[in-house]
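In: give me a model of this one.
(one chain, ligands or ions: 1)
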Amino acid sequence: MPTHQEIMVALDRVGGVAECPSCGANEWMGMGLGGQSDRLYLLTEATGAEEPGEASGYGMHGVYCARCGFVRLHRLDSLGLE
Ligand SMILES: [Zn+2]
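Out: Reported below is the predicted structural model:
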């Protein structure tokens, strides 16, 4: 799984590292669930699954502005990181 730093490099490659639209700072922090990866999973559609583990979704990475807390989400497959 990619690290926050690897994801930020991939974002930079596509021009996705920019100033915060809320406060103008440019210091983005990973918003993960702990462990070695900052990856998050976001369900995107109803699958009819009865158990949460049966549902599918996209790998996502959340970042937040260190100054004001503004939050962004990026799909990892769009960055070539799936
Ligand atoms: Zn900000």
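In: pretty sure residue 73 sits in a strand.
Out: Yes. Counting by DSSP: H, G, I helix; E, B strand; the rest coil, residue 73 is located in a strand.
In: report the separation between it and the ion.
Out: For residue 73, the distance to the ion (C-beta to the ion, to the nearest Å) stands at 15 Å. Yep, even glycine has a C-beta here, placed from its N, CA and C like the rest.
In: just use 632 as the starting number from now, easier for me
Out: New numbering, starting at 632: the last item is residue 704.
In: just the pLDDT for that residue.
Out: What the model reports for residue 704 is a pLDDT of 89.
In: got it, and residue 686?
Out: 60.
In: also residue 711?
Out: Residue-level confidence at residue 711 comes out at 91, pLDDT.
In: same question for residue 662.
Out: Confidence score, pLDDT, at residue 662: 79.
In: surely it and residue 701 touch.
Out: No. Between residue 662 and residue 701 there is no contact under C-beta atoms under 8 Å: 11.0 Å.
In: can you list residues touching both of the two?
Out: Residues touching both residue 662 and residue 701 (C-beta atoms under 8 Å, 6 or more residues apart in numbering) are residue 695.
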